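> Curious how this folds, go ahead:
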Amino acid sequence: MSESTIQIALVLPDLLGTYGDFGNAVVLEKRMTWRGIKAEIVPINYGQPVPDSCDIYVVGGGEDTAQTLAVKHLREHPGLQRAVTKNAVVLGVCAGIQIFGESFTRADNVTHPGMGLIDSTSHAGGSRAIGEVIAEPAGGLFEGVLTGFENHQGRTVLGPAARPLAHVKVGTGNDGSVEGAVQGRILCTYLHGPVLPRNPQIADLLIEWATGVKPAPLDLPAVSAMRAERVKAAS
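All right, here's what the predicted structure looks like:
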């Protein structure tokens, strides 16, 4: 495993990088490197083809216009979709959970087709969800609470093929009840922070999916202290 390089595709950071979500790719790369796993980040900007050969794809947040442009680009360059059929791992944040679904309706009430990668639909809610989120893991997918910062107007409804990432205790998430979506090796969330620095257990889950090996624990006191501080602040 250590002889090959895990490629982390950072998809459209120039469109979907409003909230520093590129940090999720950095965390994945660092947490693999610290364990002796070779990893590299492959940035893919607007107008560039999307390769289907990467192991992990990371998509961040953006506003309505950026989302529409992103879907157009990903339809014209369907490398991500091909990669999903080959069991690549995908992390979609905020805009990601919306554009990966079957459709998303913007604040102007115009409905746009999504990429159909997860069984969900999204629409604009009546008020914007802003603030800290705490959520408990759904179905034993990971250990420890999920924390992050949300800033979105979207509301997402999951179909039967998708399951929630977590159950909301503080904040809104998808709809005030559940947060995120998991379908196959696609994991989506509304949470920024970025989400992986604040939730290393999610980063390690994605790494396990990509490598086929459960990662050894990392002792990072600063991360533990930051998580405890954020949970206390949100509570």
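
> Which residues are in contact with residue 8?
Under the criterion of Cβ atoms under 8 Å, 6 or more residues apart in numbering, the neighbours of residue 8 are 25, 28, 29, 39, 40, 41, 42, 54, 55, 56, 57, 58. Backbone N, C-alpha and C define where each C-beta goes, glycine included.

> Let me know the pLDDT of residue 213.
Residue 213 is assigned a pLDDT of 96 by the prediction.

> re earlier: kindly give a single ChimeraX line that selects the buried subset of the contacts of residue 8.
If you want just the buried ones from these in ChimeraX, going by 16 or more other Cβ atoms under 10 Å, the selection is:
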select :25,28,29,39,41,42,54,55,56,57,58
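
> Check the gap between the nearest residue to residue 49 once chain neighbours are set aside and residue 4 for me.
Leaving aside its chain neighbours, residue 49 sits nearest to residue 77 (4.9 Å; criterion: Cβ to Cβ, 6 or more residues apart in numbering). To residue 4, residue 77 is 25 Å away according to Cβ to Cβ, to the nearest Å.

> again, but for residue 223
Counting by Cβ to Cβ, the gap from residue 223 to residue 4 is 27 Å.

> what's the answer for residue 62, then?
From residue 62 to residue 4 the distance is 32 Å (Cβ to Cβ).

> More neighbours: the two, which one.
Set residue 62 next to residue 4 and count neighbours by other Cβ atoms under 10 Å: residue 62 wins out with 26 against 11.

> Okay, now the unreliable bits of the chain?
Scanning the chain with the threshold set as pLDDT under 70 gives 1-3.

> can you give me the strands for it?
6-11, 39-44, 56-59, 89-93, 103-105, 111-113, 120-137, 146-158, 166-170, 178-179, 181-183, 186-189 (DSSP state E).

> and those strands, which is most packed in?
Among these, strand 56-59 has the highest mean neighbour count (mean count of other Cβ atoms under 10 Å), at a mean of 29.

> From the chain's centroid, how far away is that one?
Put simply, strand 56-59 sits 8 Å off its chain's centre (Cα atoms, centre = their mean, to the nearest Å).

> now swap in stretch 169-177 and tell me
16 Å.

> same thing with stretch 177-193?
Using Cα atoms, centre = their mean, the distance from the centre of stretch 177-193 to the centre of the chain it belongs to is 6 Å.

> hang on, the earlier thing: check the contacts of residue 8 against residue 153 and report the nearest one.
residue 58 (22.7 Å; Cβ to Cβ).

> Any chance of TSV for the strands of the chain, columns distance to residue 68?
TSV is the format used below for these (distance: least, Cβ to Cβ, whole Å):
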stretch	distance to residue 68
strand 6-11	15
strand 39-44	18
strand 56-59	14
strand 89-93	16
strand 103-105	9
strand 111-113	6
strand 120-137	13
strand 146-158	14
strand 166-170	28
strand 178-179	24
strand 181-183	20
strand 186-189	18
